[in-house]
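[1] how would this look folded up:
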Amino acid sequence: MQDFQLYEQILGDIRPWQVKEVALRREAGEVMVRLECKEQVWACPECHQRMHVHGWEERRWRHLDSCQFKTVLVATAPRVSCAEHGTQTVQVPWAEKYGRFTKLFERLAIDVMRECSVKAACEILRMSWDEADGIKARAVRRGLERKPVRVNKDLCVDEKSAARGHEYLTVVARVDGDGTTVDYVGQGRKQESLDGYWKQLSPEQLEGIEAVAMDMWEPYVLSTTAHVPDGAKKIVHDPFHMMKHMNDAVNDVRKAEHRALRAEGDDRLEGTRWLWLYGAENIPESQQPAFERLKFSHLRTARAWALKETLRNLWLYKSEAWATKHFERWYSWAIRSRLEPVKKVARMLKSRLANILTYCKSRLTNGPIEGLNNKIQGLIKKAYGYRNKERFITDIHFHCGGLDLYPAQ
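    Alright, predicted model coming up:
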């Protein structure tokens, strides 16, 4: 078998093109495969009307390596003149329109960039950073265009720090049987940042939303209630964020009490910060005897910790009625506790109680999107930060969007 016949087999069905010449350019470290086509009548790439050749243009495409040499396809592609779409170069079967890489090479590049940084991919595939970035951008654009229209019942909304200086992105993730994937990324964390997501959904998609998990960030609440039918009843405030406020209150009580006790020469609370933040079931075994003595003492911190542990039981209820009764009893205790940080949290939770109790029905939390945030943070570390937000958004869709990124065969 001659070399040009071998490359015809490697390239697959590229009719009406055929291999005319194969040349090894050792100095350049590449194999050049020249293709030709003797067709005289072509179709416009846009409207597919038959057009005669207006001219010819020589183009090059990077293909998969051959025997450790870069493989470059060279062809003189015809240009056709269309009355509606003007003069255009016809699309060749081995590459996408305007592409400088074959479809097979782009598939390989996408797989490599999914596993390592762009810099490492450039070294492995011997291409420039701009070329790799272009492949990634085209892949995301292609994936977003192919994205199927679906009704997402459960959504999570959270912000992600994009850079220093309080610059954020708004991330919306869908949660379904296939896992958790990023459905939307908007710039900033204002109301309009989330408005952009709701506005791109159809009335049927908005109606099909059953639960939206988020923290108590007011712009997200206002955006959801403004666009989602019965949105005020579908917002689920994440239990993790509720308990974070309560943990902060316990720590504030501990710090104030520790200062007061130390002034009297009492160091009982010295080095106990993390103990009060543990759940009762997670106290380290080595610390349990000492902690038992502390939690049954008359310390204000012990009382705050007991309030925190009792609040945790709220999210065990599946009945909204029973959860309401539990909260009312807890709230009465918290308000009479004479612990100002705890009272402040209690009032805040009471003002948001309706959207806290929606958890009883949906059982949806922001846990899935927190997992995605960890993955996004890994992208930041891998890239050593992003100076360009658009590239950051592209990377999030590329790695976390669950998109079909490959060129069509």
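[2] all strands for this protein, in order.
    Secondary structure of the chain (DSSP state E): strands located at 18-25, 30-36, 41-43, 50-66, 69-82, 86-89, 154-163, 167-176, 179-187, 211-214, 235-237.
[3] Among these, show the one with the smallest mean pLDDT.
    When mean pLDDT is averaged over each of the strands of the chain, strand 41-43 scores lowest at a mean of 72.
[4] In JSON lines: the strands of the chain, plus distance to residue 10 and mean neighbour count.
    Quick note: C-beta positions are derived from backbone N, CA and C, even for glycine. Output for the strands of the chain, formatted as JSON lines (distance: least, Cβ to Cβ, whole Å; neighbours: other Cβ atoms under 10 Å):
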{"stretch": "strand 18-25", "distance to residue 10": "9", "mean neighbour count": "15"}
{"stretch": "strand 30-36", "distance to residue 10": "9", "mean neighbour count": "19"}
{"stretch": "strand 41-43", "distance to residue 10": "25", "mean neighbour count": "15"}
{"stretch": "strand 50-66", "distance to residue 10": "8", "mean neighbour count": "15"}
{"stretch": "strand 69-82", "distance to residue 10": "9", "mean neighbour count": "18"}
{"stretch": "strand 86-89", "distance to residue 10": "24", "mean neighbour count": "14"}
{"stretch": "strand 154-163", "distance to residue 10": "43", "mean neighbour count": "21"}
{"stretch": "strand 167-176", "distance to residue 10": "40", "mean neighbour count": "21"}
{"stretch": "strand 179-187", "distance to residue 10": "35", "mean neighbour count": "20"}
{"stretch": "strand 211-214", "distance to residue 10": "50", "mean neighbour count": "24"}
{"stretch": "strand 235-237", "distance to residue 10": "54", "mean neighbour count": "24"}
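[5] and those strands as a markdown table, adding distance to residue 279?
    Listed next are the strands of the chain as a markdown table, based on distance: least, Cβ to Cβ, whole Å:
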| stretch | distance to residue 279 |
| --- | --- |
| strand 18-25 | 67 |
| strand 30-36 | 62 |
| strand 41-43 | 68 |
| strand 50-66 | 54 |
| strand 69-82 | 58 |
| strand 86-89 | 65 |
| strand 154-163 | 23 |
| strand 167-176 | 25 |
| strand 179-187 | 25 |
| strand 211-214 | 21 |
| strand 235-237 | 20 |
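[6] Out of those, flag the one nearest residue 345.
    strand 235-237 (13.0 Å; Cβ to Cβ).
[7] Contacts for the closest one, please.
    If you take Cβ atoms under 8 Å, 6 or more residues apart in numbering as the criterion, strand 235-237 is touched by 211-216, 221, 224-225, 352, 355-356, 358-359, 362, 364-365.
[8] now do stretch 313-332
    239, 307, 310-311, 346, 349-350, 353, 356-357, 359-361.
[9] so what are the domain limits for this protein?
    Per automatic domain parsing, the structural domains of the chain span 3-100, 154-237+365-400, 239-362.
[10] Could you report the neighbour count for residue 311?
    Using other Cβ atoms under 10 Å, residue 311 is surrounded by 24 other residues.
[11] show me the contacts for it.
    With Cβ under 8 Å, 6+ apart, residue 311 has these contacts: 242-243, 246, 330.
[12] my guess is residue 198 meets residue 223, correct?
    Yes - if you go by Cβ atoms under 8 Å, residue 198 and residue 223 touch, sitting 6.7 Å apart.
[13] which of these two has more neighbours?
    Between residue 198 and residue 223, residue 223 has the larger neighbour count (other Cβ under 10 Å), namely 25 against 18.
[14] Which residue, neighbours along the chain excluded, lies closest to residue 222?
    residue 191 (5.3 Å; Cβ to Cβ, 6 or more residues apart in numbering).
[15] which one of the domains of the chain lies closest to residue 125?
    Once the domains of the chain are compared by Cβ to Cβ, domain 3-100 is nearest, at 8.5 Å.
[16] could you measure residue 112 against residue 228, distance?
    Between residue 112 and residue 228 the distance, using Cβ to Cβ, to the nearest Å, works out to 40 Å.
[17] and those two? which has more neighbours close in?
    It is residue 228, of residue 112 and residue 228, that has more neighbours when counted by other Cβ under 10 Å, with 20 against 17.
[18] ok so, going back, most neighbours out of the contacts of residue 311, which is it?
    residue 246 (24 neighbours).
[19] Need the pLDDT of that one.
    pLDDT, read off for residue 246, is 96.
[20] List the contacts of it.
    The contact partners of residue 246, by Cβ under 8 Å, 6+ apart, come to 307-308, 311, 342, 345.
[21] In helices, which of those appear?
    Using DSSP state H, the subset of these located in helices is 307-308, 311, 342, 345.
[22] rewinding a little: any idea which of the domains of the chain gets closest to residue 141?
    Closest among those, using Cβ to Cβ: domain 154-237+365-400, at 8.8 Å.
[23] quick one: the closest one to chain centroid distance?
    Put simply, domain 154-237+365-400 sits 8 Å off its chain's centre (Cα atoms, centre = their mean, to the nearest Å).
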